[in-house]
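[1] Provided below for reference: sequence and predicted model.
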Amino acid sequence: MPAVAAREDWELPAEPASVTLARGRVREFAQEHGATPDDVVDLTLAVTEAVTNSVIHAFIDRDPGRVRVSISTAADELTVVVADNGRGMQPRADSPGLGLGLPTIGRLAAHVDMREAPGGGTELSMTFATPGVRGPARGGQVDAREPELLDAVSRVAQGAWPGEGVERLVDLLVPDVADACAVDVIGASGAPERFAGRIEGSEPLSDWLATLRPRVDAARSATRAALEDGHPHVSELTLDLIERLTTSAEDARTMAATGIRWWAVIPLREGDRLLGLLHFGLLPARGRPSDELVEFLRTLGERAAAGLAHTQLIAELRRMRHRFERVLDVLAEAVIVRDGHSRLVYANEAAGRLFGVDQSALRDLSGEQVFDRSQVMTDPDGRPLELDELPYRRLLAGLDAPPRLVHMGDRRLVITSTLLDEGDRLVVSVIQDVTNAH
């Protein structure tokens with residue numbers, strides 16, 4: 001079974017004693033998960049500098065606040081995030097740690113990202129190469145300008161509504177774009193319903209994500225924000241947020257075990273209509289989603305929404321056609337629809353009875369075959385009619401086609417034909433039996 005992420009979070013008071021506490025906990029976590037002694041030294045040195053920077057410099061001219069430290073595993077990697085709610089971490093020459101500061105952190109870590117923390121303060125993410133540490137494999141990178149992926153999303157989405165084949169969309173995006181992906185569809189109640197999900201490297205976790213029903217009203221939730229304003233949003237999946245997003249302790253533990261750190265939610269919109277939500281999960285090794293990446297995810301969402309809207313429209317039209325055909329089937333009048341080549345597209349039950357042919361079999365006959373198999377049609381004077389004299393044939397030939405009274409045996413019929421769609425030359429004929437009319 002593919003490895004899952006291990007993760008721990010600690011929220012500490014912004015005071016000197018917390019530097020020692022954070023260093024010890026990070027060291028213990030790294031040793032327990034297979035980091036080498038040399039890697040543990042680098043890791044604890046970087047964490048010491050980061051937490052010291054936050055404790056000493058983030059709360060100048062203000063009361064001490066809080067420092068949050070988290071560490072998680074990936075395949076051959078450890079990621080540590082240090083965040084404060086102060087004025088922010090600043091590189092300073094007078095660091096009271098070992099005096100090395102942020103430049104040394106940059107040399108020790110394989111990847112460093114420093115940015116404003118959600119809600120204020122500063123967040124420093126540090127990813128370290130630690131061979132031997134087990135965890136989810138890091139996904140590949142994608143060129144945000146690659147048109148092939150955008151075109152592929154459009155093609156896949158056009159065949160993926162209202163649920164059949166949606167898994168192909170998430171398979172396309174994981175792991176090239178993200179480490180996890182899910183698709184929600186807005187149901188009849190107006191709430192999102194999960195249709196597909198995938199987490200790289202784990203079929204059980206993918207099955208779990210595909211059936212997860214997260215809460216949409218949790219504070220600081222990207223899903224809630226995207227539903228409220230219709231724009232892309234990113235949330236950091238802290239343990240606190242995970243508990244508020246999930247509806248059970250088991251789901252909370254499973255979500256934390258995925259190791260996913262960042263969760264981006266992209267609304268799928270067609271005009272003013274919200275079709276669904278496209279979710280992306282990123283492991284800590286990828287870093288917080290950049291503005292460029294979020295913009296690319298938004299473009300992916302636009303392509304997916306256009307394709308899904310197209311196929312949703314087709315599905316709606318098919319349902320409408322089915323309902324329309326059921327209505328036509330109970331009419332007393334015979335109704336026949338033909339295309340520009342005189343091929344029969346639709347015939348109701350009354351048409352089958354009129355020509356003495358089963359309804360389904362009638363649809364397989366050409367206009368000539370139907371005419372040849374029926375009783376001879378004549379005009380009121382008894383003159384046999386040619387096929388090309390019937391109203392639908394005249395319309396297809398570009399001629400006027402007024403309603404026509406014909407005799408067929410002992411019955412008198414009025415045939416009315418209408419060109420329904422000039423582009424596709426679709427002709428609807430209604431045949432009314434007026435034998436008993438006065």
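    Right, received. Where do you want to start?
[2] only C-alpha atoms from now on, for both contacts and neighbour counts.
    Noted.
[3] quick one: Leu45 from Val414, how far?
    Distance of Leu45 to Val414, computed by C-alpha to C-alpha, to the nearest Å: 94 Å.
[4] so for the two, which residue has more residues nearby?
    More neighbours surround Leu45 than the other of Leu45 and Val414, with 20 against 15 (other C-alpha atoms under 10 Å).
[5] that one belongs to a helix?
    Yes - counting by DSSP: H, G, I helix; E, B strand; the rest coil, Leu45 is part of a helix.
[6] ok, it - contacts?
    Neighbour list for Leu45: empty [criterion: C-alpha atoms under 8 Å, 6 or more residues apart in numbering].
[7] now swap in Gly34 and tell me
    132-134.
[8] ok, 6 Å please
    When contacts are counted by C-alpha atoms under 6 Å, 6 or more residues apart in numbering, Gly34 touches 132-133.
[9] mind checking the SS state of it?
    coil.
[10] look up how far Asp42 lies from it.
    Taking C-alpha to C-alpha, one finds Gly34 at 14 Å from Asp42.
[11] again with Gly65
    27 Å.
[12] go on, Ala6?
    For Ala6, the distance to Asp42 - C-alpha to C-alpha - is 20 Å.
[13] one more: Leu420?
    76 Å.
[14] neighbour-wise, which of those two wins?
    Ranked by neighbour count (other C-alpha under 10 Å), Leu420 and Asp42 place Asp42 first, with 17 against 14.
[15] does that one belong to a helix, a strand or coil?
    helix.
[16] for Gly120, which non-adjacent residue is spatially closest?
    Nearest non-adjacent residue to Gly120, counting by C-alpha to C-alpha, 6 or more residues apart in numbering: Asn85, 5.6 Å away.
[17] might one say that that neighbour is in contact with Gly121?
    Yes - taking contacts as C-alpha atoms under 6 Å, Asn85 lies within contact range of Gly121: 4.1 Å.
[18] got a pLDDT number for Phe128?
    Looking at Phe128, its pLDDT stands at 90.
[19] sorry, back to before: which one of Asn85 and Gly121 has more residues nearby?
    Legend: neighbour count by other C-alpha under 10 Å for Asn85 and Gly121, higher for Asn85 (23 against 20).
[20] right, and the helix or strand after the helix or strand bottoming out on mean pLDDT in the chain?
    None of the helices or strands of the chain scores lower by mean pLDDT, DSSP states H and E than helix 147-158, at a mean of 62. Next helix or strand after helix 147-158 toward the C-terminus (DSSP states H and E): helix 166-173.
[21] partner strands of the helix or strand following that following helix and their direction?
    Sequence-wise, the next helix or strand downstream of helix 166-173 (DSSP H and E) is strand 180-186. In the sheet, strand 180-186 lines up against strand 192-199 (antiparallel), strand 273-282 (antiparallel) (DSSP bridges).
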